[in-house]
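Undergrad: Pasting a predicted model and its sequence here:
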Amino acid sequence: MNFQNAHRMIFFGLSHSWESYYQCIRREWRYLQTEPVDVHIVLSDIEDAIYHNVMRKDAQARRLREEMIKQLEHFEKEELGMVTPLEEKYQEDTIVTGNCTMMLGDSSTRLGEIADCSVDLSVYSPPFADLYTYTASPRDLGNSRNWDEFFDHYAFIIREVLRVTKLGRVTCVHTSDIPALAQKDGYIGIKDFPGRVIAAYENEGWTFHGRIVISKNPQAQAIRTHSKGLLFVQLKKDSVWSRPALLDQVLVFRKPGDNEVPITPVDNGELNNETWIKWACGIWHDINETNVLRHGYGHGRAHDDEKHVCPLQLETIERCIKLYSNPGETVLSPFAGIGSEIYQAVKFGRKGIGIELKPSYFRMMVKNVQNASCQETDLFSFAGIEMTQAVNVDQ
């Protein structure tokens, strides 16, 4: 029903659906309406979080609409020959700090500069298909129209990582299931992003080696994401919509071939049998969700970012590095962000190669890695070996 002759509206409570809220108001605030539309919302104290969530979504929608109008205006002027076409603001740079090489640019391009079979381990978190948008660049994997386009682009990265990885060595890919949204996907549910990543890696010649699940606090996730399926109110109202928290997954893939240099974490003093039993159970319950690289966390984000940078937990990276590489070996991150993986590589006596597309994140990565280099100890001290001054036997 359309009520353009009415202009006062009262809501007794709200759901988390901004779409329902918006469509309801548009029934009165529409074509042929001659009066200002007054909207009153009656809420209890416990619904305050729902109100702020809907208002947050409304602000995002307004920003999106304004930016779309600006873009359409520019394209129309360009079509009429009133302005010159926008040039892609793509930048490249390379900075070497100690044992680390940090590259600014597109991984699809810059991975080509790394020699064949020169990387011992790669650890990274790819853009999660169409969920996160970090830049406006068409080179950003996150700026894909659909999953098929995303994985077509991602295949270039997977092939290049395979090429640069040594025979028999592995890559650790941090992923998670992705929620399906009614306004975006047409239904409420879960999309199996890790499953598609596994299929993509196997299509390019990798061997699926294992999966590590990292447990999450459902209440903390509910507060952060406002997911309907994790709310106490939904549990009490109709638990058929309740669901488990989305768990992080580290997918491990191995490059076919024989590993020439054994990885010996026990001999290196980085692992013992008891710790290995805990790590090898397949579910990591003790990863601290808040233990991430903090320096530059806010400064790396640009004012027009749709999503903020989400650094991978440092303990997760540490375990991957200690399990699948030796001190002194090379660790690669093709989506380095603010440098969490490279930071940990330096901290634990490895070399690092990080590639990042976004200049602001790249700058923070350089600072973070330089800070890690200042804290680095020599490999003998790291391994717990006490060094004494050599004695000249001839004297």
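TA: Noted; the coordinates are in hand. Numbers count the residues shown, from 1 in each chain.

Undergrad: CA atoms for contacts and neighbours, from now on please.
TA: Will do.

Undergrad: which neighbours does the longest strand seen in the chain have in its sheet, and in what orientation?
TA: Across the chain, the strand with the greatest residue count (assigned by DSSP state E) is strand 165-176. Sheet pairing of strand 165-176 (DSSP bridges) gives strand 119-124 (parallel), strand 248-254 (antiparallel).

Undergrad: quick check: domain ranges of the protein?
TA: 8-79, 93-382 (automatic domain parsing).

Undergrad: Identify whichever of the ones you listed lies nearest to residue 1.
TA: domain 8-79 (6.9 Å; C-alpha to C-alpha).

Undergrad: Quick check: next helix or strand after the helix or strand harbouring residue 355?
TA: Using DSSP states H and E, residue 355 sits within strand 351-356. Per DSSP H and E, the first helix or strand lying C-terminal to strand 351-356 is helix 359-375.

Undergrad: Measure how that following helix sits relative to strand 351-356, angle-wise.
TA: Per axes from the mean of the first three to the mean of the last three C-alpha atoms, to 10 degrees, the angle that helix 359-375 makes with strand 351-356 is 160 degrees.

Undergrad: Buried residues, helix 359-375. List them.
TA: 359-370, 372-373 (16 or more other C-alpha atoms under 10 Å).

Undergrad: Distance to residue 323 for the strands paired with strand 165-176 - can I get that in CSV?
TA: Below are these laid out as CSV (distance: least, C-alpha to C-alpha, whole Å):
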stretch, distance to residue 323
strand 119-124, 10
strand 248-254, 11
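
Undergrad: the strands in the stretch 201-350 of the chain, which residues?
TA: Secondary structure of the stretch 201-350 of the chain, counting by DSSP state E, counting those that start in this stretch: strands at 207-214, 248-254, 283-284, 330-333.

Undergrad: mind saving the C-alpha coords of the first one as CSV?
TA: In other words, strand 207-214. What follows is strand 207-214, C-alpha atoms only, in CSV (Å, rounded to 0.1, in the frame of the first residue of the first chain):
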residue,chain,number,x,y,z
THR,A,207,47.2,-30.6,-3.0
PHE,A,208,44.8,-30.0,-0.1
HIS,A,209,46.8,-30.8,3.0
GLY,A,210,44.6,-30.0,5.9
ARG,A,211,42.2,-27.6,7.6
ILE,A,212,42.6,-25.9,11.0
VAL,A,213,39.5,-24.4,12.6
ILE,A,214,39.8,-21.4,15.0
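
Undergrad: in it, what's buried?
TA: 207-208, 211-214.

Undergrad: and the next element down the chain from the longest strand of the chain?
TA: Immediately after strand 165-176, counting by DSSP H and E, sits strand 178-180.

Undergrad: circling back: who's in contact with the strand holding residue 355?
TA: Counting contacts by C-alpha atoms under 8 Å, 6 or more residues apart in numbering, the residues outside strand 351-356 that touch it are 99-107, 110, 328-337, 339, 342, 345-346, 362.

Undergrad: 7 Å instead?
TA: 99-107, 328-337, 342, 345-346, 362 (C-alpha atoms under 7 Å, 6 or more residues apart in numbering).

Undergrad: One more: stretch 241-261?
TA: 162, 167-177, 206-216, 218, 229-230, 234-235.

Undergrad: For it, give the mean pLDDT please.
TA: Mean pLDDT, stretch 241-261: 93.

Undergrad: Just list what the top helix by length along the chain packs against, helices and strands only.
TA: Secondary structure of the chain per DSSP state H: the longest helix is helix 48-79. Using 3 or more C-alpha pairs under 7 Å, 6 or more residues apart in numbering; DSSP states H and E as the contact test, the elements touching helix 48-79 are helix 18-26.

Undergrad: Going along the chain, name the helices of this structure.
TA: So, for the chain - with DSSP H - the helices run 18-26, 48-79, 107-110, 147-164, 182-185, 193-203, 218-225, 232-237, 273-279, 314-324, 340-347, 359-375, 379-382.

Undergrad: that older thread, just the buried members of the contacts of strand 351-356?
TA: By 16+ other C-alpha under 10 Å, those give 100-107, 328-337, 342, 345-346, 362 as buried.
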